[in-house]
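Chemist: 3D, please:
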Amino acid sequence: MEEPLDQIKTYVNQLSLISDDSWHEIKKIFQVAEFKKGAYFAKAGRIENQFGILLDGVLRAYITNGDGSEHTKTIFTPIYFKTAISYVGALTSLVTATPNRVNIQTLTPAKVFVGNYNDWKNLIDHNQEVAAWSRKMTELFFIGKEQKEFEYFTLQADERYKLFRERYPELENMIPQYQIARFIGITPTQLSRIRKRIFREE
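Modeler: Numbering: from 1, shown residues only. As a prediction, the model looks like this:
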């Protein structure tokens, strides 16, 4: 099996080719960090300056409504998953240097290749290969965001759950069912009923 940093390089090259020289520059500003379950990678109210690539574990990005209820915007999955959503960070806070509005929390113990965003900006200013990779990451982020919003407003709850199982088969037994319910926009009770019906059909 590849070493963690080699896995990242392979993953990155699937999006945009990075030379050995550029990879050497990237490694200078990143380090592998480990997080316990329940730890926060980013917190609402802070001005964030770190982002990363998820090597192992599962994280979620969520917002808290006025009534205290939580809405999960994104579930981050590691680079080896069938559907890898591995670029972790509070993008708006990073780009604008304003207080963050989204919490990013680990749902399992996690390992992240973490870098400082200011160092990253300096790197992409003088390295075209890394700049191309950064653009690709941003494009994929907005494509995924638009796709999730489209599915939320056009698909029924059971269709969203079936799609979740198809995209993230590894997550079914890794995270609590109520977290899955939050992600697909239904209540845990609704999800329980949907699961019972689907499993009967299968």
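Chemist: Would you mind giving me the confidence score for E202?
Modeler: With respect to pLDDT, E202 has a value of 68.
Chemist: Select the helix or strand of this protein having the lowest average pLDDT value.
Modeler: Lowest mean confidence among the helices and strands of the chain (mean pLDDT, DSSP states H and E): helix 4-15, at a mean of 78.
Chemist: Who are the packing partners of it?
Modeler: helix 20-29, strand 50-56, strand 110-116, helix 128-154 (3 or more C-beta pairs under 8 Å, 6 or more residues apart in numbering; DSSP states H and E). For every residue, glycine as well, the C-beta is placed using N, CA and C.
Chemist: In CSV, list the ones you listed along with distance to I75, mean pLDDT and mean neighbour count.
Modeler: Formatted as CSV, those follow (distance: least, C-beta to C-beta, whole Å; pLDDT from 0 to 100; neighbours: other C-beta atoms under 10 Å):
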stretch, distance to I75, mean pLDDT, mean neighbour count
helix 20-29, 25, 91, 14
strand 50-56, 11, 93, 22
strand 110-116, 12, 95, 20
helix 128-154, 10, 87, 13
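Chemist: count of neighbours near the residue nearest to P99 when sequence neighbours are not counted?
Modeler: Nearest non-adjacent residue to P99, counting by C-beta to C-beta, 6 or more residues apart in numbering: G45, 5.4 Å away. Counted with other C-beta atoms under 10 Å, residues neighbouring G45 total 9.
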